[in-house]
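[1] Please find the sequence and the predicted model below.
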Amino acid sequence: MKTEWSQVNELLRLCKKRWVSMSEVSGIIHAIGHGSTWHARLLPKEHRFQYRTAMVLLDLDRLSDFQDSMLAVNRLSILSFKTHRHLCDNVTPSGNQAREFVADVIDTDVSGPVKLLTNPHFLGIGFNPLSVYFLHSKVGEPAAAIYEVSNTPWNEIHRYVIPYRKIAQNNTFWFDKEFHVSPFNPMGQRYVTRARWPRESDVSIYLGLQNDGADELMFEAGLSLRLIPFNGHSIKPLFTGIWPQSLLVIGGIYREAFALWRKGLRYHPHP
């Protein structure tokens, strides 16, 4: 009898451990994040800026939650999420395309929740320099991230897969640059990144950029957000910093590019 109770207690302990892990990792379903982003160009000339920002964190398997929401999915609205700009099917939106994309690159379990950190469109206008997919295993543990990078004015998209095991416990992960973004950066570079997974209250991303053969970084950028659970129907969270982001991002990119041009940085045309 004692042995049987020991087995029951052990089973309960394992179940509790698994439940805690799930709640800590994937916790909230959808969220709105408020915080700041910063850029620091270190070489060949210094240029820094920081501004407040806001983004949405969406569970791609639960987009039906926004059926009658102020945040429209593939519908005309003040604020909208366009699946065709992301790894998400237009007809039956889900996280499956993101899972398949990761499975083609690395061998890891990504059958759990897929959360996308991005900016919605405002009056049909939208641009995301960086959107991030956070993929989880079947039991809800972090598994991999996808960095979805866009450029302007070419309006192209490129995606990098980041294995979670490489950035766990604040570790850094290096990967080669494969995509032209800034006309003031050459292609012969590599990135270094680390990330804080979206848990109950926050998420952060760090990116550094180094020229091939160099020993020091020439550019750094970061994003840090506090997360607020969002059910898709409350109006106030959407209009507290979210609605102007598309316009602010696009305007900010060209403003900072003009500042770099005035400082005399070398121009690198699109390859």
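    Cool, the structure landed.

[2] Buried residues in the lengthiest strand in the chain, which are they?
    Scanning the chain for the strand with the most residues, using DSSP state E, yields strand 47-59. For strand 47-59, the neighbour count (16 or more other CB atoms under 10 Å) marks 53, 54, 55, 56, 57, 58, 59 as buried. Every residue, glycine included, has its C-beta placed from N, CA and C.

[3] The helix or strand just after that strand - contacts with which helices or strands?
    Downstream of strand 47-59, the first helix or strand assigned by DSSP states H and E is strand 71-73. Here strand 71-73 touches strand 79-81, going by 3 or more CB pairs under 8 Å, 6 or more residues apart in numbering; DSSP states H and E.

[4] moving C-terminal of the strand it packs on, what's the next helix or strand?
    helix 96-103.

[5] which residue sits closest to residue 78 in space, ignoring its chain neighbours?
    The shortest distance from residue 78 to any non-neighbouring residue, by CB to CB, 6 or more residues apart in numbering, is to residue 123 (6.4 Å).

[6] Was I right to think the one you found contacts residue 72?
    No - counting by CB atoms under 8 Å, residue 123 sits too far from residue 72 to count as a contact (11.5 Å).

[7] could you give the mean pLDDT of the longest strand of the chain?
    For strand 47-59, mean pLDDT is 93.

[8] try stretch 193-211
    Here the average pLDDT along stretch 193-211 is 94.

[9] Repeat that for stretch 167-178.
    Averaging pLDDT along stretch 167-178 yields 94.

[10] And for residue 121, the neighbour number?
    Using other CB atoms under 10 Å, residue 121 has 22 other residues around it.

[11] Distance check, it against residue 88.
    Shown here: residue 121 relative to residue 88, a distance of 14 Å by CB to CB, to the nearest Å.

[12] One more: residue 41?
    Taking CB to CB, one finds residue 41 at 33 Å from residue 88.

[13] now the residue nearest to residue 78: how far from residue 267?
    Distance from residue 123 to residue 267, by CB to CB: 32 Å.

[14] Please identify which of the two sits among more neighbours.
    residue 123 (13 against 9).

[15] So which of the buried residues of strand 47-59 is the closest to residue 113?
    Of all those, residue 113 sits closest to residue 59, with 5.9 Å by CB to CB.

[16] That closest one contacts residue 98, doesn't it?
    No - between residue 59 and residue 98 no contact is recorded; they are 11.5 Å apart, counting by CB under 8 Å.

[17] joint contacts of these two?
    Taking CB atoms under 8 Å, 6 or more residues apart in numbering as the criterion, residue 59 and residue 98 both touch residue 114.

[18] chain center to stretch 77-86: distance?
    Computed by CA atoms, centre = their mean, to the nearest Å, the chain-centroid distance of stretch 77-86 equals 16 Å.
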